[in-house]
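Participant: heads up, no residue letters with this:
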């Protein structure tokens with residue numbers, strides 16, 4: 001049975017596999033197929049492949065159309081003539097604005113006020129909340145105070161270092177006017193515009209007087225320069241515009257950005273350049289404006305509740321719409337003031353306007369520079385004229401526009417050469433200037449009668465030599481008016497005469513307009529326990545020159561808001577309402593009271609205090625129209 005065992009069973013033969021499968025498994029077949037691929041070309045297939053039609057090439061996408069395309073900025077490379085004109089203008093500014101800044105003392109009231117507020121900032125270390133006589137003072141934003149405080153940090157606390165701030169601002173305004181005139185009509189137009197501006201009476205005076213208006217003028221000039229650069233297509237234009245608006249806001253509040261925005265909108269409407277407003281609405285520049293202005297507003301509002309209402313409602317809308325600040329003037333006030341503000345160049349303005357007048361072509365592209373300057377001045381002038389609050393220095397930001405118009409006219413006539421004959425219009429203008437000089441001479445002789453604050457004793461020999469010099473200059477201008485070079489020489493000669501007269505009169509007026517001569521000599525004698533008193537009025541220079549806090553009797557004026565914000569005990573100590581409260585201070589046995597008053601007010605007080613027990617008044621120093629007195633002998 002072993003034959004039938006499973007292991008002895010015959011296995012069936014395997015089924016033959018297809019030849020194709022065997023060829024795959026045999027190594028020779030693999031090698032042959034591999035060699036065949038390398039050495040023998042594969043036979044062409046008889047089966048035709050499907051061919052797809054060629055794909056159409058996609059055309060490039062057209063660029064998206066820009067709704068308000070910016071123009072290509074014009075190429076204005078700086079040359080030798082541009083550099084010379086700029087250096088000449090800067091040299092004139094250095095001589096006019098920075099020479100002898102301490103020539104006179106700080107005059108009442110504005111100069112002494114704007115010097116004292118930065119001094120208290122430096123001493124207290126609080127650069128957010130302005131204080132005057134150590135009470136809060138919110139009438140103006142702090143940019144002008146910061147500039148003066150930085151000058152104090154660099155050069156020490158003095159009247160001379162305080163005046164460096166307006167001098168620097170005036171120089172920067174002249175530089176911006178030069179750059180604006182250069183971009184509009186060339187380097188010569190920029191130079192003449194800058195020269196006429198810095199040698200005009202108001203601009204020169206406010207560049208040497210410590211006030212906040214020159215900082216505002218710098219912001220306005222920078223904003224208008226940025227608007228023009230934006231119109232030309234420069235990228236820095238919107239940033240310059242909003243930087244100027246920020247400087248204006250931190251100098252004068254809402255008026256700072258409001259004036260250049262108003263002038264730019266009026267220009268865009270008149271010239272039909274709506275795209276200019278779109279280009280100026282650059283979101284990055286707007287963020288920069290907010291980043292510069294918002295921190296101070298937020299901080300001062302957080303530290304001083306009620307600031308927002310007082311600053312934006314009472315001080316801004318109140319000054320603009322009401323006369324409660326006692327600064328009302330008739331609508332024609334600035335029209336009468338403008339000749340003095342632009343003196344002596346105002347004599348050439350009619351000729352300049354006639355020469356540059358475009359007539360019916362005022363909307364043409366070639367007349368855009370004239371239209372820009374004309375609407376700048378006209379919008380400012382009309383806005384300030386209809387405002388209820390007016391002061392003479394408010395017109396300052398409009399003067400650069402007039403300087404640009406004069407610069408365009410003078411640059412055009414100077415192409416013929418300064419040795420040529422003057423046209424009839426210029427001769428008539430110089431004749432008017434000669435007559436104006438004769439009128440100035442008569443006015444100097446009658447100055448004390450025309451201005452009650454100045455007496456013949458104060459004016460001195462100015463009333464004698466001034467009219468003679470003015471008459472001589474007027475006659476000389478009339479004789480030389482036919483030559484073209486006299487167009488430039490005559491106003492500059494008149495300006496030099498006015499500056500010389502002011503420099504000669506300043507020392508005599510110093511005793512009447514400043515308290516330095518009364519307070520500075522006794523500063524070393526002051527003791528910590530002494531009481532300094534401003535009687536009858538608040539003399540702004542008393543705390544500056546004495547270095548201490550002052551008690552104010554009877555009339556504290558602009559300190560009223562700060563007094564109301566102070567604690568009642570502090571207000572009762574530093575603000576005395578009447579003569580009875582002042583008498584109680586004088587009666588204190590161990591108190592030495594040193595008071596400053598106008599001489600007439602001191603005489604009335606001495607008569608009133610006769611017979612009052614414990615009150616003795618001793619006159620220490622009398623200078624000008626003021627008297628320094630005390631309840632103790634000197």
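Facilitator: Perfect, thanks for sending it. Everything numeric in this text was worked out from a predicted model, so none of it was measured.
Participant: residue 620 falls within a helix, correct?
Facilitator: No. Going by DSSP: H, G, I helix; E, B strand; the rest coil, the assignment for residue 620 is strand, not a helix.
Participant: OK, contacts around it?
Facilitator: 522, 594, 628, 629, 630, 634 (C-beta atoms under 8 Å, 6 or more residues apart in numbering). Just so you know, the C-beta spots here come from the backbone N, C-alpha and C atoms, and that holds for glycine as well.
Participant: gap between it and residue 588?
Facilitator: 18 Å (C-beta to C-beta, to the nearest Å).
Participant: same question, residue 241
Facilitator: Taken as C-beta to C-beta, the span from residue 241 to residue 588 is 59 Å.
Participant: again with residue 123
Facilitator: From residue 123 to residue 588 the distance is 27 Å (C-beta to C-beta).
Participant: any idea how this protein splits into domains?
Facilitator: 80-101+163-416, 418-508, 516-630 (automatic domain parsing).
Participant: returning to what we had before: which member of the contacts of residue 620 is positioned nearest residue 530?
Facilitator: residue 594 (5.9 Å; C-beta to C-beta).
Participant: checking that closest one next. Helix, strand or coil?
Facilitator: Going by three-state DSSP: residue 594 is strand.
Participant: contact partners for it?
Facilitator: Listed by C-beta under 8 Å, 6+ apart, the contact set of residue 594 reads 522, 526, 530, 531, 532, 533, 620, 628, 629, 630.
Participant: one more pass at 7 Å, please.
Facilitator: Contacts for residue 594 (C-beta atoms under 7 Å, 6 or more residues apart in numbering) come out as 530, 531, 532, 533, 628, 630.
Participant: dump the residues you listed to JSON lines, plus distance to residue 415, neighbour count and pLDDT.
Facilitator: Shown next, in JSON lines, are the contacts of residue 594 (distance: C-beta to C-beta, whole Å; neighbours: other C-beta atoms under 10 Å; pLDDT from 0 to 100):
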{"residue": "530", "distance to residue 415": "68", "neighbour count": "17", "pLDDT": "89"}
{"residue": "531", "distance to residue 415": "68", "neighbour count": "18", "pLDDT": "91"}
{"residue": "532", "distance to residue 415": "63", "neighbour count": "18", "pLDDT": "93"}
{"residue": "533", "distance to residue 415": "65", "neighbour count": "23", "pLDDT": "93"}
{"residue": "628", "distance to residue 415": "61", "neighbour count": "22", "pLDDT": "93"}
{"residue": "630", "distance to residue 415": "69", "neighbour count": "20", "pLDDT": "91"}
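Participant: mean confidence for the top helix by length along the chain?
Facilitator: Longest helix in the chain, counting residues (DSSP state H): helix 486-513. The pLDDT scores in helix 486-513 average 82.
Participant: on contacts alone, who are the packing partners of it?
Facilitator: With contacts taken as 3 or more C-beta pairs under 7 Å, 6 or more residues apart in numbering; DSSP states H and E, helix 486-513 sits against helix 424-445, helix 456-459, helix 462-479.
Participant: phi, psi for residue 535 please.
Facilitator: Backbone geometry at residue 535, expressed as degrees, to the nearest 10, gives phi -100, psi 130.
Participant: now residue 140
Facilitator: When read as degrees, to the nearest 10, the backbone of residue 140 gives phi -130, psi 150.
Participant: could you report the neighbour count for the closest residue to it other than its chain neighbours?
Facilitator: Counting by C-beta to C-beta, 6 or more residues apart in numbering, residue 140 lies nearest to residue 212, which is 5.5 Å off, once chain neighbours are set aside. Around residue 212 there are 26 other residues, counting by other C-beta atoms under 10 Å.
Participant: what's the spacing between residue 212 and residue 98?
Facilitator: Going from residue 212 to residue 98 by C-beta to C-beta gives 19 Å.
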